[in-house]
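Undergrad: Dropping the sequence and predicted coords here.
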Amino acid sequence: MCCIVLCDRRYKMDIQLKRGMLDICVLSSIKNEASYGYKIIKDMKPYIELSESTLYTILKRLETADMLTVHTAEHDGRLRKYYHITKDGLKRIEAFKNDWKEIISIYQFVTKGDDAND
């Protein structure tokens, strides 16, 4: 599961970077088993807070991109949507892991010499 804590700061994270991170976190939350909205939010809560409206926007975007599929099943007399990751979704997680190596290199470049200023 994604373990990035995105907190409010004076300077907010770039929206496109944050969107990509949230997509990966949602995909990671369903990579081992299908899940439903409330459970995804609950599973992600130790790492990142996510509103229902944000989650469902992400889920719809990922479904449109063929990174997950949706099926509806009855649970306790109510219909519940279950989200299942696709091969494309798994490939996206792997691509992120490779991209992360480059992000770490960029971070190291940006922060080089910071210790000398402490």
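TA: Arrived safely.

Undergrad: CA atoms for contacts and neighbours, from now on please.
TA: Will do.

Undergrad: Test for you: state the pLDDT assigned to the closest residue to residue 84 other than its chain neighbours.
TA: Leaving aside its sequence neighbours, residue 84 sits nearest to residue 34 (C-alpha to C-alpha, 6 or more residues apart in numbering; 4.5 Å). What the model reports for residue 34 is a pLDDT of 96.

Undergrad: My guess is residue 34 contacts residue 80. True?
TA: No: with contact defined as C-alpha atoms under 8 Å, residue 34 does not reach residue 80; the gap is 11.8 Å.

Undergrad: Now do the residue nearest the centre of the chain against residue 93, distance only.
TA: By C-alpha atoms, centre = their mean, the chain has its centre lying nearest to residue 25, at 2.0 Å. Distance of residue 25 to residue 93, computed by C-alpha to C-alpha, to the nearest Å: 9 Å.

Undergrad: ditto for residue 60
TA: Residue 60 is 17 Å from residue 93, by C-alpha to C-alpha.

Undergrad: Tell me which of those two has more neighbours.
TA: Of the pair residue 60 and residue 93, residue 93 is the one with more neighbours under other C-alpha atoms under 10 Å, namely 18 against 14.

Undergrad: any idea which element that one lies in?
TA: helix 87-111 (DSSP states H and E).

Undergrad: helices or strands up against that helix?
TA: Helix 87-111 sits against helix 15-29, with contacts defined as 3 or more C-alpha pairs under 8 Å, 6 or more residues apart in numbering; DSSP states H and E.

Undergrad: next structured bit after the helix it packs on?
TA: helix 37-44.

Undergrad: For the least confident helix or strand in the chain by mean pLDDT, output the C-alpha coordinates as CSV.
TA: In the chain, no helix or strand scores lower on mean pLDDT, DSSP states H and E than helix 15-29, which sits at a mean of 90. Presented in CSV, the C-alpha positions along helix 15-29 are these (Å, rounded to 0.1, in the frame of the first residue of the first chain):
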residue,chain,number,x,y,z
ILE,A,15,-1.9,19.0,-8.1
GLN,A,16,-0.8,16.7,-11.0
LEU,A,17,1.8,15.0,-8.8
LYS,A,18,-0.7,14.6,-6.0
ARG,A,19,-3.3,13.2,-8.5
GLY,A,20,-0.8,10.6,-9.7
MET,A,21,0.1,9.6,-6.2
LEU,A,22,-3.5,9.2,-5.2
ASP,A,23,-4.3,7.1,-8.2
ILE,A,24,-1.4,4.8,-7.3
CYS,A,25,-2.5,4.6,-3.7
VAL,A,26,-6.1,3.6,-4.7
LEU,A,27,-4.7,1.0,-7.2
SER,A,28,-2.4,-0.3,-4.5
SER,A,29,-5.3,-0.6,-2.0
